[in-house]
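Asks: Need a 3D model of the following:
(chains A and B)
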Amino acid sequence: MAKRVVVFLNQFFGQIGGEEMASVGFSVKDEPIGPAVAMKMNLGDEFEVVGTVIAGDEYFAAAPDKTAEEEGLPLVEPFKPDLFLAGPAFAAGRYTVSCGAMCKAVSKALGIPVITAMDPDAPGVDIYKKDVYIVKTGNNAREMPKTVKKMCALAKYLCAEHTEKSNMFSLQYLPDPAEFDYIKMDRLYNIFTEETVAKRSVDKLLQKVRGEKYETEVEPDRFETFPAPEAIKDMSKCRIAFASDGGLVPKGNPDKMLTRSNLKWKAYDIESLYKDYEVAHAGYFNDYVLEDPNRLAPLNILKEFVAEGKLGGVSDLFYSMPACTTVSKQGTANGIEMAKMMKERGDVDAVILTST
Amino acid sequence: MLGVYRVLVGKAVPHPCGDPKLPPEDEHKIMRKYMEKALEMLQTEIVDDTPITVILE
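Replies: From the prediction side, this is the model:
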């Protein structure tokens, strides 16, 4: 029996209309539309495109995950799909996010393979790359035929029965990101190699030193780029807050911050904190900070500056996120929350972030 | 590398803004130096998105 495929498209590729129709809600067709027709051809007889789900870019934009889970998913489910495809969305801001959100919601609820396609720099990539197969595209819809072909090749691999027994765990059948040209999901799987890691590392290092081409086996996190914060014009009016990953928390660690891989943050009253504290951080020798937390974040000095008229003020809150072997993504997420709180309170003009 | 535009290199991992080896009054001086430099950097414009990294002597 042919595998059942449902495709998600925006209003433009779903042939409803352009930007003037971007606020249109969901609609469902019992047939392939637009790119879904090309998918049907590329997938061949073993697949049947049973439905196309369409929604406007703007309609999705306010709350992508909620819209996908509460409105999109209930429209996909009745088709009983074996495979879900979304896009390609190329570099489109809202469309890459709606495709990612739909794929994630469907994958989570139905456990079937989901594939979309985007430009590696598109906004949807960072949000959904760990949950969704995202085939790489350029930033232009001219690449439609090539991209659909790649999506379908990956779809066939994911839907095929892999009869070999895995010797470790099922991720053994993770398709090779290079072969299928999709964005790495940071998953680990086992492969057999002829050479030890020591030999491979040194070989690659030598290639690098010689200026030869080499491919890394481990890619470091990419850090987001953002505009440089403006310089402070008048320090005597500036109010500064301390934020730190050094693990300074109130005595007794009331929020149960972890000494390793901690994910939480909290803003503590700075005066009480400096009077009665402990350190929740397993990544450095804590004694010096336990003796004097000013070595981590010199509140004593900032108070002197305020008294001398050099500085406008110090926030009454200390923004603490103990971070030892914590994933950097969580730092980003927590940093956004901290900044939001500072803005809402409106009592901070600059932040000094100290780290151990 | 981290995408932070103003970086002041700390004294050491377990005491970024102080130095327990020094007598208290000298350590206090060093803490002041760090914070004075931090305020100075906050007042420095970033040009061409080029991050500044400062190591105190």
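
Asks: who's in contact with A:Cys103?
Replies: Taking Cβ atoms under 8 Å, 6 or more residues apart in numbering or on different chains as the criterion, A:Cys103 is in contact with A:8, A:84, A:86, A:114-116, A:128, A:131-133. Bear in mind the C-beta positions are built from the backbone N, C-alpha and C, glycine included.

Asks: Name the member of the residues you listed with the most neighbours.
Replies: A:Ala86 (33 neighbours; other Cβ atoms under 10 Å in any protein chain shown).

Asks: That one: what's it in contact with?
Replies: Contacts of A:Ala86 (Cβ under 8 Å, 6+ apart): A:7-9, A:98-100, A:102-103, A:114-116.

Asks: just A:Ala105 next, same as before
Replies: Counting by Cβ under 8 Å, 6+ apart, A:Ala105 makes contact with A:65, A:68-69, A:72-73.

Asks: one step back: the contacts of A:Ala86 into a markdown table, with extra columns for secondary structure and pLDDT?
Replies: Formatted as a markdown table, the contacts of A:Ala86 follow (DSSP: H, G, I helix; E, B strand; the rest coil; pLDDT from 0 to 100):
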| residue | secondary structure | pLDDT |
| --- | --- | --- |
| A:Val7 | strand | 98 |
| A:Phe8 | strand | 98 |
| A:Leu9 | strand | 98 |
| A:Ser98 | helix | 97 |
| A:Cys99 | helix | 98 |
| A:Gly100 | helix | 97 |
| A:Met102 | helix | 98 |
| A:Cys103 | helix | 98 |
| A:Val114 | strand | 97 |
| A:Ile115 | strand | 98 |
| A:Thr116 | strand | 98 |
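
Asks: returning to that earlier point: of the contacts of A:Ala105, which belong to helices?
Replies: When helices are assigned by DSSP state H, the members of those inside them are A:65, A:73.

Asks: any chance of the contacts of A:Ala105 in CSV, plus pLDDT?
Replies: Listed next are these as CSV, based on pLDDT from 0 to 100:
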residue, pLDDT
A:Asp65, 95
A:Ala68, 97
A:Glu69, 97
A:Gly72, 97
A:Leu73, 97
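
Asks: Just to check, A:Asp82 is in contact with A:Leu43?
Replies: No. Here A:Asp82 lies out of contact with A:Leu43, judged by Cβ atoms under 8 Å, at a distance of 11.1 Å.

Asks: All the helices of chain A, in order from the start?
Replies: Counting by DSSP H, chain A has these helices, from start to end: A:35-43, A:57-61, A:64-67, A:73-76, A:93-110, A:123-128, A:144-159, A:177-180, A:197-209, A:270-275, A:287-291, A:299-307, A:328-345.
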